[in-house]
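In: Following is a predicted model, sequence given first.
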Amino acid sequence: MLFFQPDNSLNDWGDRILQTTWSAFPGLGSDQIAITWVVYDEPVPVNTGGALTPAEFWKYGARGFAYRGTAPIYPASIVKLFYGVAVQEWLETGMIQPSTELDRAVRDMIVDSSNDATSLVVDVLTGTTSGPELPPAPFETWKSQRNIVNRYFQSLNWLELEGININQKTWSDGAYGREQDFLGEQRENRNRLTTNATAKLLHSIIGGVTVSSERSQSLMALMKRSLDPAELAANPDHQVTGFLGAGLPQAAQLWSKAGETSQVRHDAAYVELPDRRPYLLVVFTEGKAHAQNTAILPFVSQQIVAAIQALD
């Protein structure tokens, strides 16, 4: 059972938003976009500062809409959100020890989307390192260790996590050596996520039940994005322009993690509008032309804002 319930009103709005988006961007194929949208009605169970226990939180339902929500798509830097959660779990259980360098890497991975920082985080999580090719037996051990994050998320038994793969580093230029061997000649072992899986993880973070209330809030602090034009101009890695945050009014509150490559452009966001229902929105787009188009995600975001206003 999904963590959100399909809703006729949201389905109507979601279908309308998709049709409007395809009209505005006719080159965007029906198989090149995926959306999961969750609306929080009163009493709102998220962003409570840890007021709800996990048992209480998971009793709350939410209305939602998904289009291709189970389609496995290369997630780009969205995967860093999953690595950030894994770090919090490892620290909580004593599997790794806190350090200034790890804190710095996690911060740069989420706030600035640094691939170099992510490389360190993956090394710490898995006890592996990049390097030249390995002989078969050591490589089998290395591969098993690199799958530890996959095994952790599989242990949660969330329906939404079926079919995902999160065992690869993120790269600026590409994988080499043992990393290329692990990725596969046809990149068959590349990372895969769905908008539903990403939405479920984000839902648990903003609900304060990822690992612990305190650790959820520490992740939210890293995901907080300013919409102030002066701050955006001063920070080129703000993950707002060209993404969902660019379609929001300046008075909105935004927590998000974006990702892009030459082939994809994605964003996962939790949004609070003044005097409106808060909502969660995950949008993935594929295709080289669309990955370079900085208008699609803001356009979808604007349509969602209008729908929220109409719902209220």
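Out: Everything's here; your move. Residues are numbered from 1 along each chain as shown.
In: any idea which element Val271 lies in?
Out: Per DSSP states H and E, Val271 falls inside strand 264-272.
In: who's in contact with Gly177?
Out: 130-133 (C-beta atoms under 8 Å, 6 or more residues apart in numbering). Where you see a C-beta, it was placed from the backbone N, CA and C, and this is true even at glycine.
In: now with 6 Å?
Out: 131-133 (C-beta atoms under 6 Å, 6 or more residues apart in numbering).
In: How about Met220?
Out: Trp255.
In: Same question for Val46.
Out: By C-beta under 6 Å, 6+ apart, the neighbours of Val46 are 40, 206-207.
In: In strands, which of those residues fall?
Out: Judged by DSSP state E, strands contain none of these.
In: Just give me the closest of the residues you listed to Pro236.
Out: Ile206 (26.3 Å; C-beta to C-beta).
In: Out of the contacts of Val46, name the ones that lie in helices.
Out: Among these, the members found in helices (DSSP state H) are Ile206.
In: one step back: any of the contacts of Gly177 buried? List them.
Out: Among these, none counts as buried by neighbour count (16 or more other C-beta atoms under 10 Å).
In: Among those residues, which lie within strands?
Out: Among the contacts of Gly177, no member falls in strands (DSSP E).
In: Just give me the closest of those to Ala71.
Out: Of these, the one sitting nearest to Ala71 (C-beta to C-beta) turns out to be Glu133, at 32.8 Å.
In: picking up where we left off before, same for the strand holding Val271, what does it pack against?
Out: Contacts defined by 3 or more C-beta pairs under 6 Å, 6 or more residues apart in numbering; DSSP states H and E place strand 264-272 against helix 195-206, strand 253-260, strand 279-286.
In: Check the protein for me, the residue farthest from its geometric middle.
Out: Pro135 (34.6 Å; C-alpha atoms, centre = their mean).
In: does Ala306 count as helix, strand or coil?
Out: helix (DSSP: H, G, I helix; E, B strand; the rest coil).
In: related to what we said a few turns ago, what about the strand holding Val271, average pLDDT?
Out: Mean pLDDT, strand 264-272: 98.
In: any chance you could map the helices in the stretch 101-250 of the chain?
Out: Applying DSSP state H, counting those that start in this stretch to the stretch 101-250 of the chain gives helices spanning 115-126, 136-146, 148-154, 178-183, 195-206, 213-223, 229-234.
In: re the thing from before, per-residue confidence at the residue farthest from the centre of the chain?
Out: 98.
In: Out of the contacts of Gly177, which comes closest to Ser155?
Out: Gly131 (28.7 Å).
In: separation between that closest one and Gly247?
Out: Remark: distance between Gly131 and Gly247 (C-beta to C-beta, to the nearest Å) = 42 Å.
In: related to what we said a few turns ago, just how off-centre is the strand holding Val271 within its chain?
Out: How far strand 264-272 lies from its chain's middle: 7 Å, per C-alpha atoms, centre = their mean, to the nearest Å.
In: Dump it to CSV, restricted to CA.
Out: What follows is strand 264-272, C-alpha atoms only, in CSV (Å, rounded to 0.1, in the frame of the first residue of the first chain):
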residue,chain,number,x,y,z
VAL,A,264,17.9,14.5,-16.9
ARG,A,265,16.6,17.4,-14.8
HIS,A,266,14.8,16.5,-11.5
ASP,A,267,13.7,18.1,-8.2
ALA,A,268,12.2,16.9,-5.0
ALA,A,269,10.6,19.5,-2.8
TYR,A,270,8.5,20.2,0.2
VAL,A,271,6.7,23.5,0.0
GLU,A,272,4.7,25.7,2.5
